[in-house]
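Enquirer: Have a look; sequence and predicted model below, questions after that.
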Amino acid sequence: MKFFGKKDVKKTSALANSLQNEKVKSDIIVNTIDDGVVMIDDQQIIQLFNPAATRITGWLAGEAVGLDYKLVLKLVNEKAEDYQVDQHPFARVFMSKSNAHDNSGDLLSKNGKNVAIDISVSPLIGENGEVQGAVGILRDVGDQRRAEKQRADFISTASHEMRTPVAAIEGYLALALNEKVSKIDSKARNFLEKAHESTQRLGNLFQDLLTSAKAEDGRLSSHPVAIEMGDYLVHLTEDLRFVAEKKNLAMEFVVGSSTEGNSYADASRVIAPLYYCFADADRLREVITNLFDNAVKYTETGKISIGLTGDAKVVQFRIHDTGPGIPAEDQSHLFQKFYRVDNSATRTIGGTGLGLFICKKIVELYDGRIWIESIVGSGSTFFINLPRISSEKAAQLQAQEAGQMQSIVSAAVVTPAIVTPPSKI
Ligand code: ADP
């Protein structure tokens with residue numbers, strides 16, 4: 001049997017003391033920190049629940065510890081619908097074995113109150129790579145979300161109010177520039193043309209601000225229907241062609257991947273697959289027009305191509321230009337609000353930095369994805385993937401839509417107008 005010497009005993013007790021000290025320190029941190037800390041084990045049972053988690057959720061540690069996290073950390077989305085089981089960040093950590101973050105949902109407290117929450121979860125990985133548990137950090141972001149909402153409301157009201165007088169000024173300037181209506185000398189015409197251009201830019205800025213404020217708080221109107229993207233893009237490119245040709249840029253519409261594709265000139269002779277999506281046609285037009293206008297705006301010579309392809313699940317369209325390209329370090333910021341690449345082109349070419357932000361928000365409305373591939377000096381390609389729906393599903397949706405239209409028309413014809421007799425004075 002091996003006995004500890006006096007020295008060893010001293011060493012062991014020093015180690016015990018220091019371990020004890022470390023535990024005391026981490027207990028102090030966990031118990032005083034302002035963020036909620038919740039730890040679960042591999043059976044998804046809560047093992048640790050700090051006082052801040054109690055403040056946020058309304059559950060006492062004694063009640064929460066030992067329960068499944070799903071009973072205590074109930075999350076709902078902005079439409080007050082429960083999260084699907086696999087959407088919960090704790091569940092996502094177990095599936096992906098990596099961190100998960102969510103800043104869009106509300107937590108339903110024990111008393112049924114909605115708490116705006118930011119939740120970050122990290123996995124606890126065992127020696128064999130298995131997830132042994134997870135630690136979540138909860139933060140009440142109610143004040144932050146209220147401030148964001150006030151800011152968005154202000155932008156939306158201000159831009160709405162300012163759009164009307166700007167539209168009036170633009171209208172009067174257009175009248176002044178119309179030779180059939182007014183007679184002005186060439187110097188005045190030059191000034192007024194500049195004023196007209198700037199007013200148009202201002203009008204676009206207010207419109208973009210309004211749309212982005214709506215997109216942020218989920219008020220963007222959308223009436224999705226089944227759209228056949230091939231047909232839709234053929235018509236849209238016809239309208240856009242004019243914009244490219246004005247700048248002497250060639251334009252093509254390609255069905256299929258870029259190498260094996262059929263150019264638009266032959267499109268009528270090609271039996272292209274029917275690529276159906278479920279989206280609002282006007283919103284999609286906004287996205288494609290915006291990407292196309294950018295392609296034209298930033299490209300001096302060459303060609304703009306619009307492409308369409310897809311597989312069983314996805315419809316993909318792309319807009320390619322032979323412009324200056326976008327540096328890799330800017331690409332990840334491109335879809336953020338007000339982001340503009342800082343180069344000589346953007347310093348001289350007007351813009352708001354809101355277009356791509358709005359495009360992303362619209363694409364996400366239809367569960368789609370937008371991204372860019374670009375090499376400086378070789379042009380840029382913007383890609384959009386949207387979920388594809390089958391022809392049968394599209395026919396069913398179109399029949400439903402037609403049925404609804406029919407019942408609206410019949411109701412309008414059948415319902416007699418209710419005429420209120422004028423009240424006697
Ligand atoms: P903007 O109103 O400035 O065009 P966007 O959000 O539409 O705003 O675009 C953001 C920035 O991305 C632009 O300012 C520009 O620097 C860059 N950009 C967008 N499209 C292209 C393109 N096709 N080629 C080169 N740069 C582009």
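Expert: Noted; the coordinates are in hand.

Enquirer: distance of the residue lying closest to His320 once chain neighbours are set aside from the ligand?
Expert: Ranked by CB to CB, 6 or more residues apart in numbering and with sequence neighbours excluded, the top spatial neighbour of His320 is Thr381, at 4.3 Å. Placement of C-beta: from N, CA and C, glycine included. Noted for Thr381: a distance of 9 Å to the ligand, by CB to the nearest ligand atom, to the nearest Å.

Enquirer: now Gln207
Expert: For Gln207 relative to the ligand (CB to the nearest ligand atom), the value is 12 Å.

Enquirer: Secondary structure element holding that residue?
Expert: helix 186-216 (DSSP states H and E).

Enquirer: which other helices and strands contact that helix?
Expert: When contacts are defined as 3 or more CB pairs under 8 Å, 6 or more residues apart in numbering; DSSP states H and E, helix 186-216 packs onto helix 142-177, helix 355-365.

Enquirer: Following element in sequence after the last one, please.
Expert: Sequence-wise, the next helix or strand beyond helix 355-365 is strand 369-375, with elements assigned using DSSP H and E.

Enquirer: Now do the buried residues in the following helix or strand past that next one.
Expert: Following strand 369-375 in sequence order, the next helix or strand is strand 379-387 (DSSP H and E). In terms of neighbour count (16 or more other CB atoms under 10 Å), strand 379-387 has its buried residues at 379-386.

Enquirer: Then stretch 302-322?
Expert: Buried-residue list, stretch 302-322, by 16+ other CB under 10 Å: 304-310, 314-322.

Enquirer: how about low-confidence regions in the stretch 201-350 of the chain?
Expert: Where the stretch 201-350 of the chain drops to pLDDT under 70, the residues are 257-271.

Enquirer: which stretches of it form strands?
Expert: 225-228, 250-255, 262-263, 276-279, 303-310, 314-321 (DSSP state E, counting those that start in this stretch).

Enquirer: who's in contact with the last one?
Expert: Contacting residues not belonging to strand 314-321 are listed as 229, 233, 258, 275-277, 288, 291-292, 295-296, 298-299, 302-310, 379-388 [CB atoms under 8 Å, 6 or more residues apart in numbering].

Enquirer: which residues touch Gln132?
Expert: Going by CB under 8 Å, 6+ apart, Gln132 touches 41-42, 124-126.

Enquirer: For it, give me the backbone phi and psi.
Expert: phi -90, psi -10 (degrees, to the nearest 10).

Enquirer: and whichever residue of the stretch 51-200 of the chain sits closest to the ligand, what is it in contact with?
Expert: Across the stretch 51-200 of the chain, no residue is closer to the ligand than Gln200, which sits at 13.4 Å (CB to the nearest ligand atom). Taking CB under 8 Å, 6+ apart as the contact definition, Gln200 lies against Glu170.

Enquirer: Would you format the buried residues of strand 379-387 as TSV with pLDDT included?
Expert: TSV is the format used below for those (pLDDT from 0 to 100):
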residue	pLDDT
Gly379	95
Ser380	97
Thr381	97
Phe382	98
Phe383	97
Ile384	97
Asn385	97
Leu386	97
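
Enquirer: quick one: which two of the buried residues of stretch 302-322 are the most distant?
Expert: Val314 and Thr322 (25.9 Å; CB to CB).

Enquirer: quick one: the longest strand seen in the chain to helix 142-177, angle?
Expert: The single longest strand within the chain, with elements called by DSSP state E, is strand 114-125. When axes from the mean of the first three to the mean of the last three CA atoms, to 10 degrees is applied, the directions of strand 114-125 and helix 142-177 differ by 110 degrees.

Enquirer: Can you give the contact residues for strand 114-125?
Expert: 39, 56-57, 73, 75-76, 80, 89-90, 92-94, 97-103, 105-109, 131-142, 144-145.

Enquirer: Now do the residue in the stretch 101-250 of the chain that the ligand sits nearest to against Ala174, distance only.
Expert: Closest residue of the stretch 101-250 of the chain to the ligand, CB to the nearest ligand atom: Asp208 (7.7 Å). Distance of Asp208 to Ala174, computed by CB to CB, to the nearest Å: 21 Å.

Enquirer: Could you check which of these two is surrounded by more residues?
Expert: Under the neighbour definition other CB atoms under 10 Å, Asp208 and Ala174 were set side by side, and Asp208 has more, 20 against 14.

Enquirer: I'd say that one and Gly353 touch.
Expert: No. Between Asp208 and Gly353 there is no contact under CB atoms under 8 Å: 9.1 Å.

Enquirer: Find the nearest non-adjacent residue to the residue nearest to the spatial centre of the chain, please.
Expert: Taking CA atoms, centre = their mean, the centroid of the chain lies closest to Lys361, which sits 3.4 Å from it. Spatially, and ignoring its direct neighbours in sequence, Lys361 is nearest to Ala215 (3.6 Å; CB to CB, 6+ apart).

Enquirer: and the one you found, what does it touch?
Expert: Contacts of Ala215 by CB under 8 Å, 6+ apart are 357-358, 361-362.

Enquirer: returning to that earlier point: quick one, what contacts the residue nearest to the centre of the chain?
Expert: 212, 215-216, 220.

Enquirer: Just send those back as CSV, with distance to the ligand too.
Expert: Output for the contacts of Lys361, formatted as CSV (distance: CB to the nearest ligand atom, whole Å):
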residue, distance to the ligand
Ser212, 10
Ala215, 13
Glu216, 15
Leu220, 16
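
Enquirer: Please check those residues and keep the buried ones.
Expert: Buried members of the contacts of Lys361, scored by 16+ other CB under 10 Å, are 212, 215-216, 220.

Enquirer: Hmm, Leu210 is touching Ser159, no?
Expert: Yes. If you go by CB under 8 Å, Leu210 and Ser159 touch, sitting 4.5 Å apart.

Enquirer: What parts of the stretch 251-400 of the chain come near the ligand?
Expert: Counting by CB under 6 Å from any ligand atom, the stretch 251-400 of the chain comes close to the ligand at 294-295, 298, 321, 323-324, 326, 334, 339-341, 346, 351-357, 380.

Enquirer: Tell me which of these fall in helices.
Expert: Among these, the members found in helices (DSSP state H) are 294-295, 298, 346, 355-357.

Enquirer: any idea which of the residues you listed is closest to the ligand?
Expert: Of these, the one sitting nearest to the ligand (CB to the nearest ligand atom) turns out to be Gly355, at 2.7 Å.

Enquirer: In contact with the closest one, which residues?
Expert: 208, 290, 293-294.

Enquirer: If I look at the residue nearest to the centre of the chain, what pLDDT would I see?
Expert: We have a pLDDT of 95 for Lys361.

Enquirer: Can you give me the buried ones in stretch 65-80?
Expert: If you call a residue buried by 16+ other CB under 10 Å, then stretch 65-80 has these buried ones: 65, 67, 69-70, 72-75.
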